[in-house]
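**Student:** the following block contains a protein sequence and its predicted model.
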Amino acid sequence: MFDKRKSKIKNRMCNLENILTLGIISNSNARTLKVCVLFMILFIMGMNTKAVGQVYYVDPNGADSNPGTLTEPWHTIQKAANTLAPGDTVYVRGGVYNEKVTLNVSGSTNDGYITFQNYENEIPILDGTGLTVPDVNNGMFLIVDQHHVIIRGFEIRNYRTSTPNIIPVGIHVRGVTHHIQLRNNHIHHIETNAPVDGDLMGADAHGIAVYGTSAPDSINNILIEGNELHDLILGSSEGLVLNGNVSLFTVSNNIVYNCDNIGIDFIGFEDTAPNSDYDQARNGIVTNNTIYNISSFGNPAYGDSYSAGGIYVDGGKDIVIERNTISQADIGIEIASEHQGRATSFITVRNNFLFNNRMTGIAMGGYDTERGSTENCTIVNNTLYNNDTLEDGNGEILLQFDTRYNIIKNNIFYANNQSILIGDPFTENIGNVVDYNLYFSSAGITYSEWEWKNIIYQGFATYKSATGNDYNSLFVTPEFVNLSEPNLHLLVASSAINAGENLPQIGDYDIDGQTRVQGGIVDIGADEFSETTDIFEAETNMPQTFVLKTNYPNPFNAVTIISYQLPELSFVNLSIYNITGQLVETLVNRKVQPGYHNIIWNSTDVGSGVYFYKIVAGKYSATGKCLLLK
């Protein structure tokens, strides 16, 4: 089942005073907005015809014989998982729940999602201490053949086994399941401590696992957003995985770190689905994730091997990987196929920061001649710096066995002291187009090295002449803001500005959510230089004040980006409210490191209208307004 190489949405209405209490509309503007507010309330009520579900509560001090009210709550989350109906919400009070939860209920398209959510400003902890991990499908949350479910705001921890071939999972989704949202959960210490057998097999675990085990019906419309996964002992498996017949997914704004195998993985061709024609994770977006400290070294299933990717696509297709930041993984991003005769295909890797990874920044193709191929993929506008820190000769990007018909353009490759920019040890690679890149290393233009089809070329001119690659590319320092952090945004003097090729695959936004192609020609690398943002960042390096920026685009259709900056470590709550002041969605509710941050609001489940986004970070509070047009 597991391949050894995988290092793999109270009241519907509230009055104007309630809105003022929320701080969304100031007193000075209340009179002038009153008529507009009332009009918008009537407008939205007319649009939203979905039934309003019931609200229930769970509390560690409650009883399952209670009616599930705030004053007489249920005791277990499982009671809610057996009882809720479409449109219902259960608020789970803070405290420790020593139980596994199997969902036996579903929402519906007409009546809405069933929502399991933390009670306001409290953290319910699903704790696996002392629980036996069964030898069949399991999870601290287990969802099989259900749909229209939201799980939000839980801490899930301490689910462990030492028994071989038993697989603990934090949140597990299987079967014919659809319209599932996993949001703002904190998952840690999910562990396999089982010994491995002579083939190094028998130890597996997952933080979040989505397994499409049926065909032709897929698991689909999956949103995994804003989760924090860390300190996972995974054996041969992965921290967050989508495997088999899984389609139409978004994996965004997650933080994954301190794992002994792959951070995020998208898998095909492992016989997870019964029909091989459907056995691929596909048609997805992987965006704005932060991943670090990922390594298989010392994992009993891998020994001394450094083979864990921050993001890995093994046999998937039609996936966009964009605006992620990955550091200190064994491999930053890997797009490959471990199955001979099978291809990972049509993957777009764009606008990512990849730095300080051990083996390489990006790897493509099979790791040996018994593997499959990487075909028709696009690697554009990424910034790679100081990868291959083990200095194994792989370079910033590594083309492995059977890498064919791929595009590698508009990237910045800044090598470490070994001064190897590209690794390509296989002569079988064909049809790859490499151009409009910016290269740099401390060895200079004459002594830096490129490997192409198992031949190492020293000097930029020699490499270009012999391979026909990079005719329009540059060898020059990219002029980053700061190399010690590093801060890989561009300075005003950078030669990467307006030096790329305007390709259809570059995407609409750069690593910070700024519009691409601001000067007529796209910049090389993940950062599109801005006269305001980048100059400010270059001067201050780190934010000096709290700032909530205007969302972009605005107005928007379905998806918009909200940016904010923090000068210090802060507990951040960033939430969306409708015009009545009703909470629609919490995007962030956790500690956030200082720096510049972007969060995507995917408004698929709400109607057109005016919405407000409010941030509270320590003593700082600010609100913005946006307009959703569908």
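**Tutor:** Arrived safely. Keep in mind the model is a prediction, meaning the values are calculated, not measured.

**Student:** what count of nearby residues applies to residue 370?
**Tutor:** 10 (other C-beta atoms under 10 Å). In short, each C-beta sits where N, CA and C put it, glycine included.

**Student:** do you know how far it is from residue 363?
**Tutor:** 16 Å (C-beta to C-beta, to the nearest Å).

**Student:** now residue 96
**Tutor:** 41 Å.

**Student:** and those two? Which one has more around it.
**Tutor:** residue 363 (26 against 15).

**Student:** make sure that one is indeed in a strand.
**Tutor:** Yes - secondary structure of residue 363 (DSSP: H, G, I helix; E, B strand; the rest coil): part of a strand.

**Student:** now do the strands in the stretch 1-150 of the chain.
**Tutor:** 55-58, 89-92, 95-97, 101-103, 114-118, 124-127, 141-144, 147-152 (DSSP state E, counting those that start in this stretch).

**Student:** so which of those strands comes closest to residue 79?
**Tutor:** Among these, strand 55-58 comes nearest to residue 79, with 7.1 Å by C-beta to C-beta.

**Student:** which residues does that closest one contact?
**Tutor:** 10, 68-70, 73-77, 79-80, 83-84, 88-93, 97, 119, 124 (C-beta atoms under 8 Å, 6 or more residues apart in numbering).

**Student:** in this structure, what spans have low per-residue confidence?
**Tutor:** Scanning the chain for pLDDT under 70 picks out 1-52, 531-541.

**Student:** just the helices in it please.
**Tutor:** 16-22, 27-47, 77-83, 444-447, 460-467, 533-540 (DSSP state H).

**Student:** distance from the chain centre to the fourth one, please.
**Tutor:** On the basis of C-alpha atoms, centre = their mean, to the nearest Å, helix 444-447 sits 37 Å off its chain's mean C-alpha point.

**Student:** try stretch 412-424
**Tutor:** 27 Å.

**Student:** first-to-last residue distance for that stretch?
**Tutor:** The straight-line separation of the ends of stretch 412-424 (C-alpha to C-alpha, to the nearest Å) is 18 Å.

**Student:** so for it, what gets flagged as buried?
**Tutor:** 412, 413, 414, 415, 416, 418, 419, 420, 421, 422, 423, 424 (16 or more other C-beta atoms under 10 Å).

**Student:** equivalent analysis for stretch 360-371, please.
**Tutor:** Neighbour-count burial for stretch 360-371 [16+ other C-beta under 10 Å]: 360, 361, 362, 363, 364, 365, 366, 371.

**Student:** so how far is it from its chain's centroid?
**Tutor:** Distance, centroid of stretch 360-371 to centroid of chain: 22 Å (C-alpha atoms, centre = their mean).

**Student:** make 191 the first number, not 1, from now on.
**Tutor:** Sure, I'll start numbering at 191, so the last one becomes stretch 550-561.

**Student:** give me the number of residues near the nearest residue to residue 285 once chain neighbours are set aside?
**Tutor:** Nearest residue to residue 285 in three dimensions, chain neighbours excluded: residue 250, at 3.8 Å (C-beta to C-beta, 6 or more residues apart in numbering). Other residues within reach of residue 250, judged by other C-beta under 10 Å, total 16.

**Student:** then residue 807?
**Tutor:** Applying other C-beta under 10 Å, we find 22 residues neighbouring residue 807.

**Student:** spit out the contact partners of it.
**Tutor:** 736, 754, 756, 760, 761, 762, 763, 782.

**Student:** now it: how far from residue 480?
**Tutor:** Taking C-beta to C-beta, one finds residue 807 at 18 Å from residue 480.

**Student:** then residue 595?
**Tutor:** Distance of residue 595 to residue 480, given as C-beta to C-beta: 31 Å.

**Student:** before we move on, what about residue 713?
**Tutor:** Per C-beta to C-beta, residue 713 is found 22 Å from residue 480.

**Student:** which one's more surrounded, these two?
**Tutor:** residue 713 (28 against 19).

**Student:** quick one, which of the strands of the stretch 191-340 of the chain is nearest to residue 404?
**Tutor:** Of these, nearest to residue 404 by C-beta to C-beta is strand 331-334, at 10.5 Å.

**Student:** just checking, what packs against the closest one?
**Tutor:** For strand 331-334, the contact count by 3 or more C-beta pairs under 8 Å, 6 or more residues apart in numbering; DSSP states H and E identifies strand 291-293, strand 359-364 as packing neighbours.

**Student:** which one of the ones you listed is the most hemmed in?
**Tutor:** strand 359-364 (a mean of 26; mean count of other C-beta atoms under 10 Å).

**Student:** distance between that strand and the chain's centre?
**Tutor:** 17 Å.

**Student:** quick check: angle from that strand to strand 337-342?
**Tutor:** 170 degrees (axes from the mean of the first three to the mean of the last three C-alpha atoms, to 10 degrees).

**Student:** contacting residues around strand 359-364?
**Tutor:** Taking C-beta under 8 Å, 6+ apart as the rule, strand 359-364 contacts 327-335, 341, 346, 349, 370, 372, 375, 377, 380, 395-401, 403, 409, 412, 419.
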